[in-house]
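Colleague: What follows is a predicted structure for the sequence shown.
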Amino acid sequence: MKILALGSNLRYKNNSPIKNIELAYKCIEKFDIKIINKSNIYKSEPYPNKFDPFFFNSVISINTNFKPFELLKNILEIEKFFGRIRKKKNCPRTLDIDIICYDNLILKKEKLKIPHPLLHKRPFVILPMMDLDENWKHPVLLKTIKQLIREFKPEELNKVKKIK
């Protein structure tokens, strides 16, 4: 399974962060990336600056003929289309798209690491992934989504709420 994570916490034009994600679904498909399944949309507390706007997150399973670096190039174009400006790490953004996994590929390059190296530490990604496939297994840690979720403290999980 190939999975992308989408997140937004800033408006773009007249669109709310939730609308940014919904419009991104349509835009992704225009780039010859077929969406197989979508998670619900989740609201999560901002990190690391708790004073930033709340984040909205979703994950999608996709089918594509793009190789990982081609896929990365395309998702960076989609982010740019949504006004993404990269100022500093973890700053508010109109749209963020990450490659979470690409089948069972393990890739460790400077510009691209698959599976996403922080996947297992991000409840705002893990909980939406549960919507797609609770039996998905992390190709490095060899743990299922359910096992990864059990490793979070309840207060971490409580910071992420399913909204749509």
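Modeller: Thanks, I have the structure now. What you see is a predicted model; the values in this text were computed from it and never measured.

Colleague: which residues in the chain form helices?
Modeller: 17-30, 68-81, 123-132, 145-150, 154-157 (DSSP state H).

Colleague: closest one to Lys2 among the ones you listed?
Modeller: Among the helices of the chain, the nearest to Lys2 by C-beta to C-beta is helix 68-81 (7.9 Å). Every residue, glycine included, has its C-beta placed from N, CA and C.

Colleague: For the closest one, what is the distance to the chain centroid?
Modeller: 13 Å (C-alpha atoms, centre = their mean, to the nearest Å).

Colleague: Next, the buried residues of that helix.
Modeller: 68, 71-72, 74-75, 78-79, 81 (16 or more other C-beta atoms under 10 Å).

Colleague: quick one: Arg98 from Leu23, how far?
Modeller: Just to correct that, residue 98 is Asp rather than Arg. 18 Å (C-beta to C-beta, to the nearest Å).

Colleague: residues contacting the residue nearest to Leu157 when sequence neighbours are not counted?
Modeller: With C-beta to C-beta, 6 or more residues apart in numbering as the criterion, Leu157 has its nearest non-adjacent residue at 5.4 Å, and that residue is Pro123. Neighbouring residues of Pro123 by C-beta atoms under 8 Å, 6 or more residues apart in numbering: 44, 149, 152, 156-157, 159-160.

Colleague: Quick check: Pro123 vs Gly83, distance?
Modeller: 27 Å.

Colleague: mind checking how far the closest residue to His120 other than its chain neighbours is from Ser39?
Modeller: The spatial neighbour of His120 that comes closest, neighbours along the chain excluded (C-beta to C-beta, 6+ apart), is Leu148 at 5.2 Å. Applying C-beta to C-beta, the value for Leu148 to Ser39 is 15 Å.

Colleague: Which other helices and strands does the longest strand that the chain contains contact?
Modeller: Longest strand in the chain, counting residues (DSSP state E): strand 55-63. Helices and strands touching strand 55-63, by 3 or more C-beta pairs under 8 Å, 6 or more residues apart in numbering; DSSP states H and E, are strand 2-8, helix 17-30, strand 34-38, strand 42-44, helix 123-132.

Colleague: Give the partner strands of the fourth one in its sheet and their orientations.
Modeller: It stands for strand 42-44. Strands that pair with strand 42-44, judged by DSSP bridges, come out as strand 55-63 (antiparallel), strand 160-162 (antiparallel).

Colleague: Off-centre distance for the last one?
Modeller: Going back to what we said before, that points to strand 160-162. For strand 160-162, the distance to the chain centre is 14 Å (C-alpha atoms, centre = their mean).
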